[in-house]
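J.: Based on what follows, work out the 3D shape:
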Amino acid sequence: MKRVLVIEDEVKIARFIQLELKHEGYDVDIVHDGREGFEMATTNNYDVIVLDVMLPSLNGMEVLRRIRSVSDVSVIMLSAKSNVTDKVMGLDIGADDYIGKPFYIEELLARIRVCIKRKENTVKKEEVSTCLKLGKLLIDDKKYIASYDDCILELTKKEFDLLRYLVINKGIVVTRDDILKNIWGYEYFGDTNVVDVYIRYLRNKIDNRFNIKLINTVRGVGYKVENE
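T.: This is a model prediction of the structure:
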(Lines give C-alpha, C1' and ligand atoms only; values in the text may rest on other atoms or scores of the structure.)
Protein backbone atom coordinates (compact mmCIF):
# COMPACT_ATOMS: atom_id res chain seq x y z
CA MET A 1 0.00 0.00 0.00
CA LYS A 2 1.34 3.43 -0.96
CA ARG A 3 1.75 5.95 1.85
CA VAL A 4 0.87 9.64 1.59
CA LEU A 5 1.51 12.43 4.09
CA VAL A 6 -0.78 15.46 3.90
CA ILE A 7 0.60 18.61 5.56
CA GLU A 8 -2.30 21.08 5.49
CA ASP A 9 -3.38 23.54 8.20
CA GLU A 10 -7.01 23.76 7.05
CA VAL A 11 -8.53 20.85 8.96
CA LYS A 12 -11.54 20.35 6.66
CA ILE A 13 -9.38 20.30 3.51
CA ALA A 14 -6.88 17.91 5.10
CA ARG A 15 -9.65 15.57 6.24
CA PHE A 16 -11.33 15.68 2.82
CA ILE A 17 -8.06 14.77 1.07
CA GLN A 18 -7.43 12.00 3.60
CA LEU A 19 -10.85 10.43 3.05
CA GLU A 20 -10.55 10.59 -0.74
CA LEU A 21 -7.06 9.07 -0.71
CA LYS A 22 -8.13 6.30 1.66
CA HIS A 23 -11.03 5.57 -0.68
CA GLU A 24 -8.44 5.14 -3.47
CA GLY A 25 -6.48 2.65 -1.36
CA TYR A 26 -3.72 4.85 0.09
CA ASP A 27 -2.44 4.80 3.66
CA VAL A 28 -2.72 8.47 4.72
CA ASP A 29 -1.39 10.55 7.62
CA ILE A 30 -2.34 14.20 8.14
CA VAL A 31 -0.70 16.97 10.17
CA HIS A 32 -1.61 20.66 10.40
CA ASP A 33 1.73 22.21 11.42
CA GLY A 34 4.87 22.77 9.35
CA ARG A 35 7.38 21.72 11.98
CA GLU A 36 5.45 18.60 12.89
CA GLY A 37 5.04 17.86 9.19
CA PHE A 38 8.78 17.98 8.63
CA GLU A 39 9.35 15.61 11.54
CA MET A 40 6.76 13.18 10.16
CA ALA A 41 8.24 13.42 6.67
CA THR A 42 11.73 12.56 7.86
CA THR A 43 10.92 9.85 10.40
CA ASN A 44 8.53 7.81 8.23
CA ASN A 45 8.69 6.40 4.72
CA TYR A 46 6.18 8.04 2.38
CA ASP A 47 5.69 7.68 -1.35
CA VAL A 48 4.21 11.16 -1.77
CA ILE A 49 3.88 14.25 0.44
CA VAL A 50 1.10 16.77 -0.23
CA LEU A 51 2.41 20.02 1.22
CA ASP A 52 0.54 23.29 1.71
CA VAL A 53 2.57 26.51 1.44
CA MET A 54 0.89 28.55 4.18
CA LEU A 55 1.52 26.65 7.42
CA PRO A 56 1.95 27.63 11.07
CA SER A 57 5.38 27.44 12.80
CA LEU A 58 7.22 26.60 9.54
CA ASN A 59 5.97 27.57 6.07
CA GLY A 60 5.75 25.04 3.27
CA MET A 61 8.71 26.39 1.31
CA GLU A 62 10.99 25.98 4.34
CA VAL A 63 9.58 22.54 5.06
CA LEU A 64 10.37 21.57 1.46
CA ARG A 65 13.93 22.94 1.71
CA ARG A 66 14.54 20.86 4.83
CA ILE A 67 13.00 17.74 3.32
CA ARG A 68 15.14 18.08 0.21
CA SER A 69 18.30 18.22 2.34
CA VAL A 70 17.64 14.66 3.51
CA SER A 71 15.16 13.03 1.12
CA ASP A 72 14.07 12.78 -2.51
CA VAL A 73 10.48 11.79 -1.66
CA SER A 74 7.92 13.10 -4.16
CA VAL A 75 6.37 16.38 -2.99
CA ILE A 76 3.25 18.04 -4.43
CA MET A 77 2.72 21.59 -3.20
CA LEU A 78 -0.68 23.19 -2.60
CA SER A 79 -1.13 26.94 -2.53
CA ALA A 80 -3.62 29.71 -3.15
CA LYS A 81 -0.63 31.50 -4.72
CA SER A 82 -0.84 30.04 -8.20
CA ASN A 83 1.07 32.57 -10.34
CA VAL A 84 4.10 31.44 -12.35
CA THR A 85 6.64 33.07 -10.00
CA ASP A 86 5.40 31.11 -6.99
CA LYS A 87 5.21 27.89 -9.00
CA VAL A 88 8.77 28.33 -10.24
CA MET A 89 9.98 29.04 -6.69
CA GLY A 90 8.42 25.83 -5.40
CA LEU A 91 9.74 23.77 -8.31
CA ASP A 92 13.21 25.29 -7.96
CA ILE A 93 13.36 24.32 -4.31
CA GLY A 94 12.57 20.76 -5.31
CA ALA A 95 8.81 20.21 -5.55
CA ASP A 96 7.76 17.58 -8.07
CA ASP A 97 4.50 19.37 -8.79
CA TYR A 98 2.49 22.44 -7.76
CA ILE A 99 -1.30 22.80 -7.59
CA GLY A 100 -3.14 26.06 -7.07
CA LYS A 101 -6.15 26.28 -4.76
CA PRO A 102 -8.99 25.68 -5.23
CA PHE A 103 -8.43 22.36 -7.00
CA TYR A 104 -10.41 19.32 -8.07
CA ILE A 105 -9.66 16.19 -6.05
CA GLU A 106 -9.45 14.21 -9.31
CA GLU A 107 -6.57 16.46 -10.37
CA LEU A 108 -4.69 15.84 -7.12
CA LEU A 109 -5.25 12.09 -7.40
CA ALA A 110 -3.96 12.14 -10.98
CA ARG A 111 -0.81 14.01 -10.00
CA ILE A 112 -0.16 11.64 -7.11
CA ARG A 113 -0.39 8.71 -9.53
CA VAL A 114 2.05 10.44 -11.88
CA CYS A 115 4.56 11.01 -9.04
CA ILE A 116 4.37 7.38 -7.97
CA LYS A 117 4.69 6.10 -11.53
CA ARG A 118 7.63 8.41 -12.23
CA LYS A 119 9.45 7.25 -9.09
CA GLU A 120 8.88 3.59 -9.96
CA ASN A 121 10.19 4.15 -13.49
CA THR A 122 13.25 5.96 -12.11
CA VAL A 123 14.07 3.02 -9.86
CA LYS A 124 13.77 0.62 -12.82
CA LYS A 125 16.12 2.73 -14.94
CA GLU A 126 18.82 3.26 -12.30
CA GLU A 127 20.70 0.10 -13.21
CA VAL A 128 20.97 1.04 -16.88
CA SER A 129 21.67 4.76 -16.45
CA THR A 130 24.65 5.98 -18.46
CA CYS A 131 26.48 9.22 -19.05
CA LEU A 132 25.22 11.36 -21.91
CA LYS A 133 27.64 13.45 -23.95
CA LEU A 134 27.13 16.20 -26.49
CA GLY A 135 30.32 17.97 -27.48
CA LYS A 136 31.79 19.39 -24.27
CA LEU A 137 28.54 18.82 -22.37
CA LEU A 138 28.50 15.78 -20.06
CA ILE A 139 25.48 14.55 -18.11
CA ASP A 140 25.98 11.90 -15.43
CA ASP A 141 22.63 10.28 -14.60
CA LYS A 142 23.76 8.36 -11.54
CA LYS A 143 25.54 11.27 -9.87
CA TYR A 144 22.93 13.78 -11.10
CA ILE A 145 25.72 16.07 -12.28
CA ALA A 146 26.05 18.04 -15.51
CA SER A 147 29.20 19.79 -16.69
CA TYR A 148 30.42 21.76 -19.68
CA ASP A 149 34.11 21.75 -20.59
CA ASP A 150 34.80 20.20 -17.14
CA CYS A 151 32.94 23.07 -15.38
CA ILE A 152 30.13 21.87 -13.13
CA LEU A 153 26.72 23.36 -13.97
CA GLU A 154 24.70 24.43 -10.93
CA LEU A 155 21.30 23.09 -11.95
CA THR A 156 18.09 22.50 -10.03
CA LYS A 157 16.43 19.08 -10.36
CA LYS A 158 13.95 20.30 -12.98
CA GLU A 159 16.70 22.07 -14.95
CA PHE A 160 18.78 18.88 -14.93
CA ASP A 161 15.83 16.74 -16.04
CA LEU A 162 14.98 19.19 -18.82
CA LEU A 163 18.57 19.37 -20.08
CA ARG A 164 18.85 15.58 -20.03
CA TYR A 165 15.60 15.23 -22.00
CA LEU A 166 16.77 17.71 -24.63
CA VAL A 167 20.14 15.96 -25.00
CA ILE A 168 18.53 12.52 -25.28
CA ASN A 169 16.55 14.00 -28.19
CA LYS A 170 19.51 15.89 -29.69
CA GLY A 171 18.82 17.11 -33.21
CA ILE A 172 15.09 16.48 -32.76
CA VAL A 173 12.58 19.27 -32.20
CA VAL A 174 10.60 18.69 -29.01
CA THR A 175 7.42 20.65 -28.42
CA ARG A 176 6.39 22.31 -25.17
CA ASP A 177 3.77 19.61 -24.75
CA ASP A 178 6.46 16.93 -25.17
CA ILE A 179 8.50 18.58 -22.43
CA LEU A 180 5.54 19.01 -20.08
CA LYS A 181 4.54 15.37 -20.47
CA ASN A 182 8.03 13.99 -19.95
CA ILE A 183 9.39 16.36 -17.29
CA TRP A 184 6.29 17.52 -15.40
CA GLY A 185 4.21 14.39 -15.96
CA TYR A 186 1.66 13.09 -18.46
CA GLU A 187 -1.21 14.66 -16.56
CA TYR A 188 0.37 18.05 -15.84
CA PHE A 189 -2.31 20.73 -15.80
CA GLY A 190 -0.20 23.84 -15.20
CA ASP A 191 0.85 26.72 -17.45
CA THR A 192 2.87 25.77 -20.54
CA ASN A 193 4.98 28.93 -20.21
CA VAL A 194 6.81 27.28 -17.30
CA VAL A 195 8.76 25.47 -20.06
CA ASP A 196 9.92 28.79 -21.53
CA VAL A 197 11.00 29.94 -18.06
CA TYR A 198 13.18 26.87 -17.58
CA ILE A 199 14.62 27.06 -21.09
CA ARG A 200 15.69 30.60 -20.24
CA TYR A 201 17.31 29.37 -17.03
CA LEU A 202 19.31 26.75 -18.94
CA ARG A 203 20.40 29.26 -21.57
CA ASN A 204 21.65 31.61 -18.87
CA LYS A 205 23.62 28.83 -17.22
CA ILE A 206 25.04 27.25 -20.39
CA ASP A 207 24.68 29.23 -23.63
CA ASN A 208 25.30 32.66 -22.14
CA ARG A 209 27.95 31.51 -19.68
CA PHE A 210 30.07 29.71 -22.29
CA ASN A 211 29.13 31.90 -25.27
CA ILE A 212 27.68 29.00 -27.28
CA LYS A 213 24.33 28.24 -28.95
CA LEU A 214 23.34 24.83 -27.59
CA ILE A 215 19.58 25.27 -27.12
CA ASN A 216 17.80 26.41 -30.27
CA THR A 217 14.27 27.70 -30.66
CA VAL A 218 12.29 26.37 -33.62
CA ARG A 219 9.73 29.12 -33.93
CA GLY A 220 6.16 27.95 -33.61
CA VAL A 221 7.21 24.37 -32.83
CA GLY A 222 9.53 23.98 -29.84
CA TYR A 223 13.20 23.49 -28.96
CA LYS A 224 16.13 21.33 -29.91
CA VAL A 225 19.77 20.99 -28.91
CA GLU A 226 22.65 20.52 -31.30
CA ASN A 227 26.39 20.31 -30.87
CA GLU A 228 27.59 23.93 -30.91
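J.: Can you pull the domain assignment for the protein?
T.: Taking automatic domain parsing as the criterion, the chain consists of the domains 3-125, 129-225.
J.: I'd like the ones you listed written out as a markdown table, with mean pLDDT and mean neighbour count added.
T.: (Each C-beta comes from the backbone N, C-alpha and C, glycine too.) Putting these into a markdown table (pLDDT from 0 to 100; neighbours: other Cβ atoms under 10 Å) gives the following:
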| stretch | mean pLDDT | mean neighbour count |
| --- | --- | --- |
| domain 3-125 | 91 | 18 |
| domain 129-225 | 88 | 16 |
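J.: Closest to the centroid, which residue in the protein?
T.: Central residue of the chain (Cα atoms, centre = their mean): residue 96, 2.7 Å from the mean position.
J.: For that residue, give its distance to residue 112.
T.: 10 Å (Cβ to Cβ, to the nearest Å).
J.: which residues do the two both contact?
T.: Counting by Cβ atoms under 8 Å, 6 or more residues apart in numbering, the contacts common to residue 96 and residue 112 are residue 76.
J.: right, and residue 95 touches residue 75 too?
T.: Yes: Residue 95 is within contact range of residue 75, at 5.1 Å (criterion: Cβ atoms under 8 Å).
J.: Next, show the common contact partners of those two.
T.: 51, 64.
J.: And the contacts of stretch 33-51?
T.: Residues contacting stretch 33-51 (Cβ under 8 Å, 6+ apart): 2-9, 17, 29, 31, 55-60, 62-64, 66-67, 70-71, 73-78, 95, 108, 112, 115-116, 119.
J.: just checking, what packs against the longest helix belonging to the chain?
T.: Longest helix of the chain, by residue count under DSSP state H: helix 105-125. Counting by 3 or more Cβ pairs under 8 Å, 6 or more residues apart in numbering; DSSP states H and E, the packing neighbours recorded for helix 105-125 are helix 11-23, strand 48-52, strand 74-79, strand 97-100.
J.: Tell me which residues are up against the next helix or strand after it.
T.: Per DSSP states H and E, helix 105-125 leads on to strand 131-134 as the next helix or strand towards the C-terminus. Identification of contacts with strand 131-134 by Cβ under 8 Å, 6+ apart yields 138, 139, 140, 141, 164, 167, 168, 170, 214, 225, 227.
J.: Could you tell me which strands sit next to strand 131-134 in the sheet, and their orientation?
T.: Counting by DSSP bridges, the strands paired with strand 131-134 are strand 137-140 (antiparallel).
J.: Beyond the strand it pairs with, next helix or strand please.
T.: Counting by DSSP H and E, the element after strand 137-140 in chain order, helix or strand, is strand 145-148.
J.: and residue 6, helix, strand or coil?
T.: strand (DSSP: H, G, I helix; E, B strand; the rest coil).
J.: Who does it form a beta bridge with?
T.: residue 30, residue 50.
J.: wait, what's in contact with it?
T.: Going by Cβ under 8 Å, 6+ apart, residue 6 touches 14, 17, 18, 21, 28, 29, 30, 31, 49, 50.
J.: let's go with 7 Å and repeat that
T.: Going by Cβ atoms under 7 Å, 6 or more residues apart in numbering, residue 6 touches 14, 17, 18, 28, 30, 50.
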